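Undergrad: The following comprises the amino acid sequence and a computationally predicted model.
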Amino acid sequence: MPRGSIAMSSGRFISIMDTTLRDGEQTPGISFTPAQKLQIAERLDRLGVDVIESGFPVTSDGEATAVREIAASGLSSEVSCLARAEKRDVEIAANCGVGRVHVFIATSDIHLRDKLQISRDEMIRRARETVEFATELGLFVEFSAEDSTRTSLEDLHEVACAVRDAGARIFDIADTVGIASPDAIRSYVAGISDTGMAISVHCHDDLGLAVANSLAAVNAGASQVHVTVNGIGERAGNTSLEEFAIASELLYGFNTHVRKEMIYETCSFVSKVTGLPIPRNKAITGENAFGHKSGIHTHGISRNPMTYEPFRPELVGRKRWLQAGKHSGRHGISIQLRCMNISLKQEELDWVVKMVKQNGDQGKITTDEELQRLAFKAIQTSGVRGK
Ligand code: KIV
Ligand code: ZN
């Protein structure tokens with residue numbers, strides 16, 4: 001099956017670790033109350049994500065409350081939270097009642113030298129001791145090497161072996177500044193795979209590659225992907241849940257537990273709570289993702305929607321729509337009118353098409369309301385003419 005084709009199911013399952021409530025909340029301009037976090041967690045659970053990263057409880061009282069409430073709310077998704085490689089963070093996480101913790105420390109030279117100001121040996125010691133501590137408390141440990149993709153593979157491998165021996169079950173490769181290419185991600189995943197740990201990937205979208213890099217990771221053997229709803233997150237954001245879930249299934253045949261038909265309502269809900277609108281041209285959930293305007297396209301769509309759509313909009317809980325414009329033809333406009341239960345005579349339709357094109361040339365959009373108005377005007381005028 002060549003890349004880019006619609007694939008049959010490969011049957012391989014990819015676990016979805018959603019970090020909307022943690023990395024997503026790190027988006028400038030976003031802050032959730034505990035009640036909002038619980039509401040979003042319930043939506044994520046219904047959507048079918050495998051793991052919910054509910055927050056970073058050491059950061060504030062409200063954050064710890066949110067993590068505690070989500071952990072106690074009886075969701076089917078596993079509930080995790082973030083902790084630095086420090087015993088205090090893990091203790092607070094455990095006290096919030098989660099069964100799983102996401103421990104991280106930076107592993108790149110630049111972070112060790114200029115941010116943490118510790119040696120590589122000290123970083124490994126902290127990582128190992130924190131993972132051991134969390135494991136002894138009975139927590140399932142996922143470990144992230146922050147800034148993995150600016151860490152040499154050799155150094156990253158050493159960290160991976162240390163945390164594996166300390167009890168970590170998942171090793172997460174973090175492309176913290178979104179700098180990796182799909183080729184680089186593939187090499188990192190392949191280079192860590194001999195550790196025997198499940199591999200995860202956490203991609204940022206600084207170069208617009210978060211989804212492509214996450215797909216490259218799963219193709220190289222990663223079994224978990226970190227995502228956020230609407231791709232929100234630090235700076236340019238993280239791998240978008242909706243784009244990854246659809247692309248991984250349609251292009252490569254991977255399976256996830258995501259209920260695709262609930263994607264649109266979940267993304268709309270998160271957009272409402274965050275106050276961040278979904279861009280009109282956003283893949284999958286943008287207003288325009290299933291809108292068709294040019295005559296050639298609307299004609300094709302009327303014959304067979306697959307001519308200009310990669311998949312049915314209903315798959316993700318959406319509907320297609322058409323808009324008249326200067327590129328529209330008689331065929332497309334008559335289909336739109338038929339949807340409004342309006343049928344025009346030949347000369348009436350010709351006049352409406354002429355007016356729509358005139359609107360377009362004047363930079364005006366012909367909305368459904370305007371199209372209806374034009375149609376009624378055409379009927380009235382031709383009625384007068386016909387007498
Ligand atoms: O981007 C990053 O490195 C993170 C880590 C905490 C995984 O968000
Ligand atoms: Zn991140």
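TA: Here it is on my side, so go on. Ligands and ions are numbered 1, 2, ... in the order given.

Undergrad: Tell me the helix or strand right after the strand or helix carrying I333.
TA: Under the criterion DSSP states H and E, the helix or strand holding I333 is helix 330-339. In the C-terminal direction, the helix or strand that comes right after helix 330-339 (DSSP H and E) is helix 346-361.

Undergrad: other SSEs contacting that following helix?
TA: If contacts are counted by 3 or more Cβ pairs under 8 Å, 6 or more residues apart in numbering; DSSP states H and E, helix 346-361 sits against helix 330-339, helix 368-386. The way it works is simple: take the backbone N, C-alpha and C, and place the C-beta from them, glycine included.

Undergrad: tell me the most buried of these?
TA: helix 330-339 (a mean of 18; mean count of other Cβ atoms under 10 Å).

Undergrad: if we can go back for a sec, lowest mean pLDDT across the helices and strands packed on helix 346-361, which one is that?
TA: Per-stretch averages of pLDDT across the helices and strands packed on helix 346-361 put helix 368-386 at the bottom, with a mean of 87.

Undergrad: Report all helices and strands that it contacts.
TA: With 3+ Cβ pairs under 8 Å, 6+ apart as the test, helix 368-386 has helix 330-339, helix 346-361 packed against it.

Undergrad: could you dump these to CSV with distance to S200?
TA: Conversion of the helices and strands packed on helix 368-386 to CSV gives the following (distance: least, Cβ to Cβ, whole Å):
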stretch, distance to S200
helix 330-339, 45
helix 346-361, 49
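
Undergrad: Could you list the domains of the chain?
TA: 15-274, 291-386 (automatic domain parsing).

Undergrad: Out of these, indicate the one that is most buried.
TA: Per-residue neighbour counts averaged over each of the domains of the chain give the maximum for domain 15-274, namely a mean of 21 (mean count of other Cβ under 10 Å).

Undergrad: Is any residue of that one near ligand 1?
TA: Yes: for a cut-off given as Cβ under 6 Å from any ligand atom, domain 15-274 has contacts with ligand 1, namely D23, F104, S144, E146, A174, T176, H202, H204.

Undergrad: Determine which two of those are furthest apart.
TA: Farthest-apart pair in the residues of domain 15-274 next to ligand 1 is F104 and H204; separation 14.0 Å (Cβ to Cβ).

Undergrad: Excluding residues flanking it in the chain, which one is nearest G62?
TA: Computed as Cβ to Cβ, 6 or more residues apart in numbering, the closest residue to G62 that is not its neighbour in sequence is P34, at 5.4 Å.

Undergrad: Could I get the contacting residues of the one you found?
TA: Under the criterion of Cβ atoms under 8 Å, 6 or more residues apart in numbering, the contact partners of P34 comprise G62, E63, T65, A66, E69.

Undergrad: ok, S193 to ligand 1 distance?
TA: Separation of S193 from ligand 1 (Cβ to the nearest ligand atom, to the nearest Å): 19 Å.

Undergrad: phi, psi of that residue?
TA: S193 adopts backbone torsions of phi -60, psi -30, taken as degrees, to the nearest 10.

Undergrad: now do the one 4 residues further on
TA: M197 adopts backbone torsions of phi -80, psi 150, taken as degrees, to the nearest 10.

Undergrad: confidence score at the closest residue to it other than its chain neighbours?
TA: Nearest residue to M197, sequence neighbours excluded (Cβ to Cβ, 6+ apart): F171, at 4.5 Å. Reading off the per-residue confidence, F171 sits at a pLDDT of 98.

Undergrad: How about Q39: what's its closest non-neighbour residue?
TA: For Q39, the spatially nearest residue (Cβ to Cβ, 6+ apart) is V273, at 7.1 Å.

Undergrad: The helix or strand containing the one you found - contacts with which helices or strands?
TA: For V273, the enclosing helix or strand under DSSP H and E is helix 263-274. Counting contacts by 3+ Cβ pairs under 8 Å, 6+ apart, helix 263-274 packs against helix 34-47, helix 241-252.

Undergrad: Reformat those into CSV and put distance to L215 and mean pLDDT next to each item.
TA: Listed next are these as CSV, based on distance: least, Cβ to Cβ, whole Å; pLDDT from 0 to 100:
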stretch, distance to L215, mean pLDDT
helix 34-47, 20, 98
helix 241-252, 6, 98
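
Undergrad: Including distance to R259, could those go into TSV?
TA: Rendered in TSV, the data for those read as follows (distance: least, Cβ to Cβ, whole Å):
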stretch	distance to R259
helix 34-47	6
helix 241-252	10
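
Undergrad: ok, for whichever residue of the stretch 251-387 of the chain sits closest to ligand 1, nearest residue in space, not its chain neighbours?
TA: Per Cβ to the nearest ligand atom, the residue of the stretch 251-387 of the chain with the smallest distance to ligand 1 is T274, at 17.7 Å. Nearest non-adjacent residue to T274, counting by Cβ to Cβ, 6+ apart: I30, 5.0 Å away.

Undergrad: mind checking the SS state of the one you found?
TA: For I30, the secondary-structure state derived from DSSP: H, G, I helix; E, B strand; the rest coil is coil.

Undergrad: got the contact list for it?
TA: If you count contacts by Cβ under 8 Å, 6+ apart, I30 has them with G24, I232, T274, G275, L276.

Undergrad: before we move on, the earlier item: quick one: the residue nearest to M197 and S152, what's the gap?
TA: Here F171 is placed at a distance of 16 Å from S152 (Cβ to Cβ, to the nearest Å).

Undergrad: What of P28?
TA: With distances defined as Cβ to Cβ, the gap from P28 to S152 amounts to 31 Å.

Undergrad: same check, this time on N213
TA: Applying Cβ to Cβ, one obtains 18 Å for the distance of N213 from S152.
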